[in-house]
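1. Show me the folded form of this:
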Amino acid sequence: MSTVQAFRTVLFYFLLASSAFVWCIISVFVAPFLSFRARYRFVIQNWCRCAVWLAKVLVGINYEVKGLENIPEQPCVILAKHQSTWETFFLSALFEPLSQVLKRELLYVPFFGWAMAMLKPIAIDRSNPKAALKQLAKQGHERLGQGAWVLIFPEGTRIPPGQIGKFSRGGAALAVNANLPVLPIAHNAGHFWPKHGWSKTPGTIQVVIGPLMHAQGEGPRAIAELNDRAFEWVSQAQREIGSLSANSVPCEATEVV
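-> Here you go, the predicted model:
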């Protein structure tokens, strides 16, 4: 990394952290008086747009999106590839209101956690997988019924470029039980925003939004088939954008959902 890029990266993190701190404090006092949709726009969507913009301007991480026409009017379950933090910012800005699965411990962080708690996340205890899956099914169904998108990273954790993790069936099960489709999303953000370290590489992230996928029937078999179909589509899309090798073998997911 050049000296200039290192300086830009440090400045990026400083502004990102500073803006998050200030915005969370403001949100704690303002958000309770807003409706859920307005609260989401105020607390999350605007700040995430700022984060994506900072990444573009300061460290040169731009993006291109294909498949916007595949986004339905009615919210559904989003099954997205997970490589970095960037896609969390981007997807939270693109879909609103959006509820996502996160670690319960994050809600205990002063100001940040308090602000997040007002946005109806699905905060699970990852040490108890069975309870987490039941909670995802119950609260995910409630969020969908309230008109919110539900974002799930079915690999469970960030997987480096060139690899893909096995998909947990939690997201597919939620979609089948709610009689809604899943929206698969692939991208190569990890090439420019790595999982480990603080370095950032300038470039253009390719985001591909796939076609809606509906379950063929009901029950466990329909869930498994839908989950496999979403996995195959994401895998193929990752190969097409150069983020997965042809002979890559799925690695085991390390988280529950």
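
2. Tell me who's in contact with the residue sitting nearest the centre point of the chain.
-> Centre of the chain computed as the mean C-alpha position; nearest residue by C-alpha atoms, centre = their mean is residue 88, 4.1 Å away. Applying C-beta atoms under 8 Å, 6 or more residues apart in numbering, one finds that residue 88 lies in contact with 48, 100. Any C-beta I mention is one placed from the backbone N, CA and C, and that applies to glycine too.

3. again, 10 Å this time
-> By C-beta atoms under 10 Å, 6 or more residues apart in numbering, the residues touching residue 88 are 48, 51, 80, 82, 100, 102, 151, 153, 158, 189.

4. repeat for residue 151
-> Here residue 151 is in contact with 77-80, 87-88, 91-92, 95, 98-102, 121-122, 171, 183, 185 (criterion: C-beta under 10 Å, 6+ apart).

5. Which of the residues you listed fall within strands?
-> Secondary structure defined by DSSP state E assigns 77-80, 98-102, 122, 183, 185 of the contacts of residue 151 to strands.

6. so residue 245 makes contact with residue 238?
-> Yes - because the distance of 9.4 Å satisfies C-beta atoms under 10 Å, residue 245 is recorded as touching residue 238.

7. Relative to residue 62, how far out is the residue lying closest to residue 131 once chain neighbours are set aside?
-> Computed as C-beta to C-beta, 6 or more residues apart in numbering, the closest residue to residue 131 that is not its neighbour in sequence is residue 125, at 6.3 Å. Separation of residue 125 from residue 62 (C-beta to C-beta, to the nearest Å): 37 Å.

8. Over to residue 167?
-> Distance of residue 167 to residue 62, computed by C-beta to C-beta: 28 Å.

9. Which of the two has more residues huddled nearby?
-> When neighbours are counted by other C-beta atoms under 10 Å, residue 167 and residue 62 differ, and residue 167 comes out ahead with 24 against 13.

10. Who are the contact partners of the residue nearest to residue 131?
-> Going by C-beta under 10 Å, 6+ apart, residue 125 touches 103-105, 131-132, 135, 256.

11. got JSON lines for those, with secondary structure too?
-> Putting these into JSON lines (DSSP: H, G, I helix; E, B strand; the rest coil) gives the following:
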{"residue": "103", "secondary structure": "strand"}
{"residue": "104", "secondary structure": "helix"}
{"residue": "105", "secondary structure": "helix"}
{"residue": "131", "secondary structure": "helix"}
{"residue": "132", "secondary structure": "helix"}
{"residue": "135", "secondary structure": "helix"}
{"residue": "256", "secondary structure": "coil"}
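
12. most surrounded residue in the residues you listed?
-> Neighbours here are counted as other C-beta under 10 Å. On that basis the top member of the contacts of residue 125 is residue 132, with 21 neighbours.

13. Now do that one, the pLDDT please.
-> Predicted confidence (pLDDT) at residue 132: the value is 84.

14. With residue 115 instead?
-> According to the predicted model, the pLDDT of residue 115 comes to 69.

15. what residues are up against residue 105?
-> Here residue 105 is in contact with 113, 123, 125-126 (criterion: C-beta under 10 Å, 6+ apart).

16. List buried members of the residues you listed by neighbour count.
-> Buried members of those, counted by 16 or more other C-beta atoms under 10 Å: 113, 123, 126.

17. Fine by me, we can end here.
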